[in-house]
Each structure stands twice: as C-alpha cells, then as structure tokens.
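Novice: sequence and predicted model, in that order:
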Amino acid sequence: MDMNGQAQLMSPERVWIVQAGGRRTDQATNMRIQQAAFDQLKKRLPGVQTFTEDRDRLVRFYGNGSVAVASFFRYTTTILPPTTTPEVAKEFGPLPPVAITLVLEKRDGDWKIVHTHVSDLGPPPRP
C-alpha cells in the first residue's frame, strides 16, 4: 500500500506517539513528513528496497464492536543498492524492531485509525 492509501485509513485527528519523537496530532502534517522522508531516502539511495513484516498480530474489539485495538511487532529489512559506499551504508544501518499499537474506531461504516503508538523493542531477554 502506498502512502496515499495508508492516509485514507487514518482519521484527520489521529494521535501518533513515537517513543523517540514525541506526539503528533495533525495527520496531514504527519503524512507530509513521512512522504518527505521517504522521498529523501529514495534520492539518497536510488534503488533501495525495504521489506516490512508485522508479526504476532493481536486484535481485540470493545464498545459493542465499534472500537478495535490492534498490536503487533514490526520488523523492517532494508536492502541497500550494491553501489552504496560503506560510509553511506553506516548511515542506514538496520532499523530496530518496534512494537505498534493501533486504536481504530468505526465511523459511518468505515474503520479509521485514531491513535498510533510506536515503541522500540528492547534487547531480547537473557536466558
């Protein structure tokens, strides 16, 4: 799904909380920032590929089925072009896995994401 398709899933007043980046409440601004970051990545690393895998998905419904909470772990793999210099490759090291929680609300028959929380996963527990 592209960014425009993704934006259609969000309510205009969606609250987005990122562990390292604070809180945003203006979805239009949020999408402009995400698109600009994506465009810069493509300019800096033409041919870069990213693969995203969402694992351990869990969805619960509340409020007589009008509210849903979804959570999952997201793992992203970035494949750098073979011509990438070692210096540039260091800038784009592996993305840490994150835990994501979404709150969705059914509005006029459509599900809209009204709240997103993203946290870095800590190191794995020691045995």
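Specialist: The structure has been received and is ready for your questions. Numbers count the residues shown, from 1 in each chain.

Novice: which parts of the chain are strands?
Specialist: Ranges of strands in the chain, per DSSP state E, are 10-18, 22-24, 49-62, 67-79, 98-107, 110-120.

Novice: between the ones you listed, which has the poorest mean confidence score?
Specialist: Looking at the strands of the chain, the lowest mean pLDDT belongs to strand 22-24 (a mean of 77).

Novice: same for that strand, what does it pack against?
Specialist: strand 10-18 (3 or more Cβ pairs under 8 Å, 6 or more residues apart in numbering; DSSP states H and E). In this view, the C-beta of every residue, glycine as well, is placed from N, C-alpha and C.

Novice: hang on, the earlier thing: output the strands of the chain in CSV; the columns should cover mean neighbour count and distance to residue 87.
Specialist: Output for these, formatted as CSV (neighbours: other Cβ atoms under 10 Å; distance: least, Cβ to Cβ, whole Å):
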stretch, mean neighbour count, distance to residue 87
strand 10-18, 16, 27
strand 22-24, 11, 30
strand 49-62, 10, 20
strand 67-79, 15, 16
strand 98-107, 16, 26
strand 110-120, 16, 25
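
Novice: and the contacts of stretch 45-53?
Specialist: For stretch 45-53, the external contacting residues (Cβ atoms under 8 Å, 6 or more residues apart in numbering) are 41-42, 74-81, 83-84, 88, 92.

Novice: longest single helix anywhere in this structure?
Specialist: helix 27-44 (DSSP state H).

Novice: what angle sits between it and strand 49-62?
Specialist: Going by axes from the mean of the first three to the mean of the last three Cα atoms, to 10 degrees, helix 27-44 is angled at 160 degrees with respect to strand 49-62.

Novice: CA atoms only for helix 27-44, dumped as PDB, please.
Specialist: Taking Å, rounded to 0.1, in the frame of the first residue of the first chain, the C-alpha atoms of helix 27-44 are listed here in PDB:
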ATOM      1  CA  GLN A  27      -2.500  13.800  10.300                       C
ATOM      2  CA  ALA A  28      -2.000  15.900   7.200                       C
ATOM      3  CA  THR A  29       1.300  17.200   8.500                       C
ATOM      4  CA  ASN A  30       2.400  13.800   9.600                       C
ATOM      5  CA  MET A  31       1.800  12.300   6.100                       C
ATOM      6  CA  ARG A  32       3.800  15.200   4.500                       C
ATOM      7  CA  ILE A  33       6.700  14.500   6.900                       C
ATOM      8  CA  GLN A  34       6.600  10.800   6.100                       C
ATOM      9  CA  GLN A  35       6.400  11.400   2.400                       C
ATOM     10  CA  ALA A  36       9.400  13.800   2.500                       C
ATOM     11  CA  ALA A  37      11.500  11.400   4.500                       C
ATOM     12  CA  PHE A  38      10.600   8.600   2.000                       C
ATOM     13  CA  ASP A  39      11.500  10.900  -1.000                       C
ATOM     14  CA  GLN A  40      14.800  11.800   0.600                       C
ATOM     15  CA  LEU A  41      15.700   8.100   1.200                       C
ATOM     16  CA  LYS A  42      15.000   7.400  -2.500                       C
ATOM     17  CA  LYS A  43      17.100  10.300  -3.700                       C
ATOM     18  CA  ARG A  44      20.000   9.500  -1.300                       C
END
